[in-house]
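Asker: Okay, predicted coordinates and the sequence, questions at the end:
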Amino acid sequence: MTRFLALRFSRALLSILLVVTFAFVVLRLSGDPALTIMSPEAPPEAIAAFRKAWGLDQPIWVQYLRYFGAIAHGELGVSMRDGRPALALVAERIPATLMITIPALMLKIALGIPAGITAALHRNTLRDRLLMAGAVAGFTVPSFVLGLVLVLVFAVRLGWLPSGGDERWTSAVLPVLTLGLGGAGILARFTRSAMLEVLGQPYIRTASAKGVPWRLVVRHHALPNAAIPTVTIVGFMVGSLIAGAVVVESVFSWPGVGRLLVVAVANRDLAVVQCILLLVSATMVTANLIVDLLYGALDPRLRVGTAAAH
Amino acid sequence: MRDAGLLDLAASSLTPPGATPLLAIQDLTVAFDGVPALRGVDLAIHAGEAHGLVGESGCGKSVTLLAALGLLPPTATVRGSVRLDGQELLGAPQAVLDGVRGGRVAMIFQDPASALNPVHRVGAQVVEALRLHRGLDGTAARAEARRLFDLVGIPDPTRRLDAYPHELSGGQNQRVMIAMALAGEPDLLIADEPTTALDATIQAQILDLLRKVQRETGMALVLISHDLGVIADVCARVAVMYAGRIVEQATAEALFANPLHPYTRGLMSALPDMDGPRRRLAAIEGAVPEPWAMPAGCAFAPRCGLAVDACRADPPPALLPAAGAYRPDPHHVACLRADPDHHVEPRWHTASRSAAMTRSRVQPSARA
């Protein structure tokens, strides 16, 4: 078990390293922060001074090594734009993001999983087709379109809810709906196919053949098996709690991490972008690690230790 | 016009005289999305008997018994009558079926590894049946599950109760399935190709076990198999199925000594002899007609060496006792050309025999 964890943990670190490296290289090759932040009309001496101050005059591999040296000391850099520590800038945005992504995740689970199970149990009936039509609509309509439609209906026409901002708690409702409906569609599709796969397995027929009532066949024999693929998708959703709302935050002017990311990328505010990416990849990787551990709990075939007999 | 001389029309029912069947299947038809799979099956299983159901893949052996227990998917249309001790099962309320399944009638399947739920311990899966059908719970249920494991020959039963299916071998999983089937103290055990997925040595052990539990519990056994050898090993009576119908039914002794239906005879000549000269095994030419393209007459006629125009024109006669058959358990056959008194070798049968003789002379056994 310790060996398994150590292996998984080092793979997780490697994933983070790759993401951060990729981001570092791409960001530095795609634009000059000095020109973006200072404006191209600034005197050349000022730009050169800016570059020197931020170490941008060094070769990229020197910058890269310095960057990692700093990370090793827990130093995530300072925003080039307003001089505050990047981590603090990002951290103060996290609560706002979680305020919409956590309810949205709960909405996805509460709608998507029951919808998928119901559709699978009533395969090819009208109920199945209606649910799946809704699910497909949910995840094929881009979130900015869905967001704007919701704004049009609930803010502009009906005037029930604010169209953006974060002044009242009701401001969160439309972002949550926008995020939640799309994700619920995805989850419903996955849950349905996982359930259909499981319901076709011989052990389901065995359960019926030994006289288990159908609702118990579903609850006790089908659902635990269908949970495994479903947990994978929920894991991805948990992993994107921090950064999954970039578009929606922009549409609703919600002051979360996603909006900060958009602004920071536009400004080539390298430290902030890298800090967000580090955080996002760490979250995603942690979520995957938890999913891996959950697999073992859900499926004895994947359990470490007993697998030796296999 | 049928040749009445071939059949003893005076003889009556399909069941041995003086016995009410435990399970009576009558005129059972099954169609999947309109495509017929069973085309009128009559089968009677008597208390305590070991009855074989043989035929090639897709002939409807499994479908017959799955339909009887209401275990087919909703896409199947099932018609006819299935009575268990006089109680109609087709269209019975779900609660009645749940009580019968795993209780009076238990079933085991082909691939024991996938027939057991991978996420539950095997002991718990047996306990579930004990709880449903015998109201046992807790330590009493566990003790009974342990006893059943012991009965079916699982070594170290106490420890095995806590194993998951993937930790056991195929043979052991099939023993678990049998223990689970015995949990409800059934009057009838349906074994659907129980040894097909197992190694040959394990096959023999599982068949021995089935024979043993059948003898010890006195339950009836329906053994579904495509393997005549397996059937001959275990069963006293045998029904042969072809393309959704039963074409011949007799005691195992009568069937193997004197197969009447050309299809059964084809199956037999496809078996190697245990003694006698080596010969090329005769395959039945052609293939089973597709269910959506059944011929108007006998489904076997296109492959039959004995078929005459009448076979191709009209459906074959109902399953009737053949003249001169063994009494009191008559030999039934659904064939115009079956004639127990004038045994005609089908063409392909004769041809293969002579070809085999030539072959055995040309190639004497090298190791002799």
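Answerer: Yep, it's here.
Asker: Going along the chain, name the helices of chain B.
Answerer: Using DSSP state H, the helices found in chain B span residues B:61-68, B:94-100, B:112-115, B:122-134, B:138-151, B:157-160, B:170-183, B:200-217, B:228-234, B:252-257, B:262-269, B:309-313, B:347-362.
Asker: okay, now residue A:12: neighbour count?
Answerer: Using other C-beta atoms under 10 Å in any protein chain shown, residue A:12 has 18 other residues around it. No exception for glycine: its C-beta is placed from N, CA and C like everyone else's.
Asker: mind listing what residue 31 touches?
Answerer: You didn't say which chain, so I picked chain A. Applying C-beta atoms under 8 Å, 6 or more residues apart in numbering or on different chains, we find residue A:31 in contact with residue A:268.
Asker: Oops, wrong one, chain B.
Answerer: Residues in contact with residue B:31 (C-beta under 8 Å, 6+ apart) are B:37, B:76, B:77.
Asker: If I follow the layout properly, the second one ends up in contact with residue B:67?
Answerer: Yes - Residue B:76 sits in contact with residue B:67 when judged by C-beta atoms under 8 Å, with a separation of 6.9 Å.
Asker: coming back round to it: for residue A:8, state which of the contacts of residue B:31 is nearest.
Answerer: Comparing those against residue A:8 with C-beta to C-beta places residue B:76 closest, at 46.0 Å.
Asker: Can you check the pLDDT for that closest one?
Answerer: Looking at residue B:76, its pLDDT is 91.
Asker: and it, how many residues sit next to it?
Answerer: As a burial measure, the neighbour count of residue B:76 was computed by other C-beta under 10 Å and equals 17.
Asker: that older thread, next step: the contacts of residue B:31 restricted to strands.
Answerer: B:37, B:76, B:77 (DSSP state E).
Asker: and of these, the nearest to residue A:192?
Answerer: residue B:76 (22.1 Å).
Asker: Bridged to the closest one, which residues?
Answerer: residue B:32 (DSSP bridges).
Asker: Against residue B:193, how distant is it?
Answerer: Distance, residue B:76 to residue B:193, using C-beta to C-beta, to the nearest Å: 19 Å.
Asker: what's next to the helix or strand of chain A with the lowest mean pLDDT, contact-wise?
Answerer: Between all helices and strands in chain A, the lowest mean by mean pLDDT, DSSP states H and E belongs to helix A:33-38, at a mean of 75. When contacts are taken as C-beta under 8 Å, 6+ apart, the neighbours of helix A:33-38 outside the stretch itself are A:46-47, A:50-51, A:54, A:56, A:80-81, A:266-270.
Asker: Please repeat the previous calculation with a cut-off of 6 Å.
Answerer: Residues from elsewhere that reach helix A:33-38, judged by C-beta atoms under 6 Å, 6 or more residues apart in numbering or on different chains: A:47, A:50, A:51, A:80, A:267, A:268, A:270.
Asker: show me what contacts the second one?
Answerer: Under the criterion of C-beta under 6 Å, 6+ apart, the neighbours of residue A:50 are A:34, A:38.
Asker: can you tell me the helix or strand for it?
Answerer: Taking DSSP states H and E as the criterion, residue A:50 maps to helix A:44-54.
Asker: Would you mark the buried spots in the helix or strand that that helix is followed by?
Answerer: Sequence-wise, the next helix or strand beyond helix A:44-54 is helix A:60-72, with elements assigned using DSSP H and E. Judged by neighbour count (16 or more other C-beta atoms under 10 Å in any protein chain shown), helix A:60-72 contains these buried residues: A:63, A:64, A:67.
Asker: that older thread, need the ones in strands among the contacts of residue B:31 in a markdown table with distance to residue B:211, can you?
Answerer: What follows is those, written out as a markdown table (distance: C-beta to C-beta, whole Å):
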| residue | distance to residue B:211 |
| --- | --- |
| B:37 | 30 |
| B:76 | 32 |
| B:77 | 36 |
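Asker: if we take the residues you listed, which one ends up nearest to chain A?
Answerer: Proximity to chain A was ranked across the ones in strands among the contacts of residue B:31 by C-beta to the nearest C-beta; first place goes to residue B:76, at 12.9 Å.
Asker: hang on, isn't the closest one packed against residue B:32?
Answerer: Yes - checked against C-beta atoms under 6 Å, the pair residue B:76 and residue B:32 is within contact range at 5.4 Å.
Asker: State the phi and psi torsions of residue A:84.
Answerer: phi -90, psi 160 (degrees, to the nearest 10).
Asker: Who's the closest spatial neighbour of it, skipping the chain neighbours?
Answerer: Closest residue in space to residue A:84, ignoring its immediate chain neighbours: residue A:78 at 6.8 Å, by C-beta to C-beta, 6 or more residues apart in numbering or on different chains.
Asker: Show me the shaky parts of the stretch 201-350 of chain B.
Answerer: In the predicted model, the stretch 201-350 of chain B carries pLDDT under 70 at residues B:273-276, B:322-329, B:339-350.
Asker: thinking residue B:337 is in contact with residue B:306, fair?
Answerer: Yes - using C-beta under 6 Å, residue B:337 is in contact with residue B:306, at 4.4 Å.
Asker: The closest residue in space to residue B:281 that isn't next to it in sequence and residue B:283, how far apart?
Answerer: Setting aside the residues directly before and after it, residue B:281 is nearest to residue B:270 in space (C-beta to C-beta, 6+ apart), at 5.5 Å. Shown here: residue B:270 relative to residue B:283, a distance of 6 Å by C-beta to C-beta.
Asker: can you check residue B:66 too?
Answerer: The gap separating residue B:66 from residue B:283 is 29 Å, by C-beta to C-beta.
Asker: Could you point out which residue ranges in the stretch 1-150 of chain A have low pLDDT?
Answerer: A:1.
Asker: Name the residues of the stretch 51-200 of chain A found near chain B, please.
Answerer: For the stretch 51-200 of chain A, no residues are found near chain B under the criterion C-beta under 6 Å from any C-beta of the partner chain.
Asker: quick one, helices of the stretch 51-200 of chain A?
Answerer: Listed in chain order, the helices of the stretch 51-200 of chain A (DSSP state H, counting those that start in this stretch) span A:60-72, A:86-91, A:94-121, A:126-140, A:143-150, A:173-199.
Asker: Give the other helices and strands that the shortest one contacts.
Answerer: Under the contact definition 3 or more C-beta pairs under 6 Å, 6 or more residues apart in numbering or on different chains; DSSP states H and E, helix A:86-91 sits against helix A:270-298.
Asker: What's the mean pLDDT across the helix it packs on?
Answerer: In this model, helix A:270-298 has an average pLDDT of 88.
Asker: does it come close to chain B?
Answerer: No - against chain B, helix A:270-298 shows no contacts by C-beta under 6 Å from any C-beta, the least distance being 7.0 Å.
Asker: buried ones in that helix?
Answerer: A:270-285, A:287-289, A:291-292, A:294-296, A:298.
Asker: other SSEs contacting that helix?
Answerer: Checking 3+ C-beta pairs under 6 Å, 6+ apart, helix A:270-298 ends up next to helix A:2-29, helix A:86-91, helix A:223-239, helix A:257-267.
Asker: List the buried residues for the second one?
Answerer: When you say that, I think you mean helix A:86-91. So, applying 16+ other C-beta under 10 Å, buried residues of helix A:86-91: A:86, A:87, A:89, A:90.
Asker: Quick check: chain neighbours aside, which residue is closest to the last one?
Answerer: Distances taken as C-beta to C-beta, 6+ apart place residue A:275 nearest to residue A:90, at 5.2 Å, with adjacent residues excluded.
Asker: Give me the domain ranges for chain A.
Answerer: Chain A breaks down into these domains under automatic domain parsing: A:24-88, A:94-255.
Asker: For those domains, give me JSON lines that also has distance to residue B:319.
Answerer: Converted to JSON lines, these look like this (distance: least, C-beta to C-beta, whole Å):
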{"stretch": "domain A:24-88", "distance to residue B:319": "77"}
{"stretch": "domain A:94-255", "distance to residue B:319": "27"}
